[in-house]
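*Asks:* Quick one, structure for this:
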Amino acid sequence: MKGTPVADPDRKPQLFRSSVMRIERQWIDYNGHLNMAYYNVLFDRALDEFWLQLGIGPDYMKTCNGSTFTAECHLRYLREIHLDDPVRVSVLLVAADEKRLHTFEELRHATAGWLSATSENMTLHIDMAARKVAPFPADIHARIQAIADGHSILTRPEGIGRQIAMPSPSR
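*Replies:* Predicted coordinates:
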């Protein structure tokens with residue numbers, strides 16, 4: 001599996017970290033930087049790696065007829081990314097229940113370490129036969145909850161729960 005493991009009983013809990021990805025030429029827009037749509041591609045690829053660690057990747061859909069759909073996403077663009085930049089995404093499982101996953105991702109330059117963007121997501125577990133929200137199977141829910149419990153003691157990054165709003169006028 002790609003990325004760093006999400007749980008090891010002999011180690012302190014840590015964020016999931018994706019494999020290193022590179023910015024592709026076709027993703028660069030006329031401003032000379034990564035087009036906004038491709039930030040979502042990078043975050044989505046990282047979440048696909050994380051889902052494998054949780055046991056809810058493509059094999060899960062084939063064998064259990066379950067999958068996940070994103071219900072909400074809040075992306076913040078903080079620093080430009082350019083062609084060929086190596087990037088890596090960290091994933092914090094902020095919270096989880098029997099049907100939902102609340103994640104917060106940070107996209108960083110893989111060698112320099114600076115923060116480029118964040119994405120906060122609410123993901124729903126779906127019964128693909130009914131195409132409706134449904135509880136995770138007990139074993140998957142237990143695995144997810146163990147990761148959420150471990151992540152609950154980690155420092156919360158700046159930006160979780162932010163809203164889009166105009167700045168308050170100066171007084």
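
*Asks:* Mind checking what secondary structure residue 67 has?
*Replies:* Recorded secondary structure, residue 67: strand (DSSP: H, G, I helix; E, B strand; the rest coil).

*Asks:* contacting residues for it?
*Replies:* Neighbouring residues of residue 67 by Cβ atoms under 8 Å, 6 or more residues apart in numbering: 56, 60-61, 125-126, 128. All C-beta atoms are positioned from the backbone trio N, CA, C, and that covers glycine.

*Asks:* ok, residue 160 touching residue 94?
*Replies:* Yes. Contact between residue 160 and residue 94 holds when scored by Cβ atoms under 8 Å: they sit 6.4 Å apart.

*Asks:* shared neighbours of the two, anything?
*Replies:* 104, 120.

*Asks:* Of the two, which one has the most company?
*Replies:* With neighbours defined as other Cβ atoms under 10 Å, residue 160 and residue 94 compare such that residue 94 has more, 20 against 13.

*Asks:* Can you tell me the SS state at the residue lying closest to the more buried one once chain neighbours are set aside?
*Replies:* Spatial nearest neighbour of residue 94, chain neighbours left out: residue 102 (4.3 Å); criterion: Cβ to Cβ, 6 or more residues apart in numbering. The three-state assignment at residue 102 reads strand, by three-state DSSP.

*Asks:* Give me the neighbour count for residue 102.
*Replies:* With other Cβ under 10 Å as criterion, residue 102 counts 18.

*Asks:* Name the residues that touch the least confident helix or strand in the chain by mean pLDDT?
*Replies:* Counting by mean pLDDT, DSSP states H and E, the weakest-scoring helix or strand in the chain turns out to be helix 58-64, with a mean of 94. With contact meaning Cβ under 8 Å, 6+ apart, helix 58-64 is reached by 51, 66-67, 128, 137, 140.

*Asks:* Tell me the helix or strand right after the helix or strand where residue 105 lies.
*Replies:* Using DSSP states H and E, residue 105 falls within strand 100-109. Next helix or strand after strand 100-109 toward the C-terminus (DSSP H and E): strand 115-127.

*Asks:* and that next one, which residues are buried?
*Replies:* Neighbour counts over strand 115-127 (16 or more other Cβ atoms under 10 Å) mark 115-121, 123-126 as buried.

*Asks:* got the CA positions of stretch 15-25 in PDB?
*Replies:* Coordinates of each C-alpha in stretch 15-25 appear next as PDB, following Å, rounded to 0.1, in the frame of the first residue of the first chain:
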ATOM      1  CA  LEU A  15      -1.300  11.600  10.700                       C
ATOM      2  CA  PHE A  16      -1.600   9.500   7.500                       C
ATOM      3  CA  ARG A  17       0.800  10.800   4.900                       C
ATOM      4  CA  SER A  18       0.300  10.000   1.200                       C
ATOM      5  CA  SER A  19       2.900   9.000  -1.300                       C
ATOM      6  CA  VAL A  20       4.700  11.900  -3.000                       C
ATOM      7  CA  MET A  21       2.900  13.200  -6.100                       C
ATOM      8  CA  ARG A  22       4.200  15.500  -8.900                       C
ATOM      9  CA  ILE A  23       2.300  18.300 -10.500                       C
ATOM     10  CA  GLU A  24       1.600  17.400 -14.100                       C
ATOM     11  CA  ARG A  25       1.900  19.800 -17.100                       C
END
